[in-house]
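# based on what follows, work out the 3D shape:
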Amino acid sequence: MIGMDQYGYIRTAARVYKKSIMQIVRETGHSRNTIRKVLKGEIPIYKGRSHQAYPVLKGYCEIIDTWLERDKEVSVKQRHTARRIYNRLIEEYGFKGSESNVRRYVKEAKARLGLKGTEAYIPLDPACTMEAEVDWGRAVAIIDGVRMVVRLFCMRSRYSAKDFVRGYPCERQEAFFDGHIQGFSYFVIAGRSLII
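Below you'll find the predicted structure:
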């Protein structure tokens, strides 16, 4: 599957820099058909399955569901875990499949039967212009006709989710500190003029 960063690179290479399809194929490693689809504007979309099949568990799904149904009547501490179900299938029915398949099915079945544990949520309530998330990224830039890799300092405000991005020639400590200074200055100035 082609990533959105390469999707943008392919379109820019063809439209702005007038590169041929074969040249883009050599640079990206994608097939000509993929490059043509991207240039036509077909966005690659991941399609997940609507239903997971469990062919190895075909005869055992009803047994597992029965055990989990009975678990509704007992205390939480006495309910079956996925590992216990797997061990019981081996001991009582001579099951030959893998534990990971049983775990996946049990997780899905518990959610379907309402046996899923309680979930906890911690609300995030950061103060305005006080907290941010930081990471480094890379971009290829043409500066004075020379193609070079630029390191991107990326900061996102936890309060507003607005971004600040600044390019540096390297990922050294000086760039890291300067990026923080410039980023927080940007968010403080932006905070005065609009709600961030």
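# from here on, contacts and neighbour counts on C-alpha atoms
Noted.
# show me where this protein has its helices.
For the chain, applying DSSP state H gives helices covering 4-15, 21-28, 32-40, 61-71, 82-93, 99-113, 173-193.
# of all the ones you listed, which one is nearest residue 166?
Nearest to residue 166, of all these, is helix 173-193, at 7.0 Å by C-alpha to C-alpha.
# that older thread, export the helices of the chain as JSON lines, with columns for distance to residue 154 and mean pLDDT.
Putting the helices of the chain into JSON lines (distance: least, C-alpha to C-alpha, whole Å; pLDDT from 0 to 100) gives the following:
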{"stretch": "helix 4-15", "distance to residue 154": "15", "mean pLDDT": "86"}
{"stretch": "helix 21-28", "distance to residue 154": "25", "mean pLDDT": "92"}
{"stretch": "helix 32-40", "distance to residue 154": "27", "mean pLDDT": "89"}
{"stretch": "helix 61-71", "distance to residue 154": "47", "mean pLDDT": "92"}
{"stretch": "helix 82-93", "distance to residue 154": "41", "mean pLDDT": "94"}
{"stretch": "helix 99-113", "distance to residue 154": "36", "mean pLDDT": "90"}
{"stretch": "helix 173-193", "distance to residue 154": "8", "mean pLDDT": "84"}
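# and of those, who's closest to residue 142?
Proximity to residue 142 (C-alpha to C-alpha) singles out helix 4-15 among these, at 12.1 Å.
# got the angle between the closest one and helix 21-28?
Per axes from the mean of the first three to the mean of the last three C-alpha atoms, to 10 degrees, the angle that helix 4-15 makes with helix 21-28 is 150 degrees.
# okay, the angle between helix 4-15 and helix 32-40?
On the basis of the same axes, to 10 degrees, helix 4-15 is oriented at 80 degrees to helix 32-40.
# who touches helix 4-15?
With C-alpha atoms under 8 Å, 6 or more residues apart in numbering as the test, helix 4-15 has contacts from 19-21, 24, 28, 35, 38-39.
# weed out the non-buried ones from the residues you listed.
Those of the contacts of helix 4-15 that meet the buried threshold are 21, 24, 35, 38-39, by 16 or more other C-alpha atoms under 10 Å.
# alright, I will stop here.
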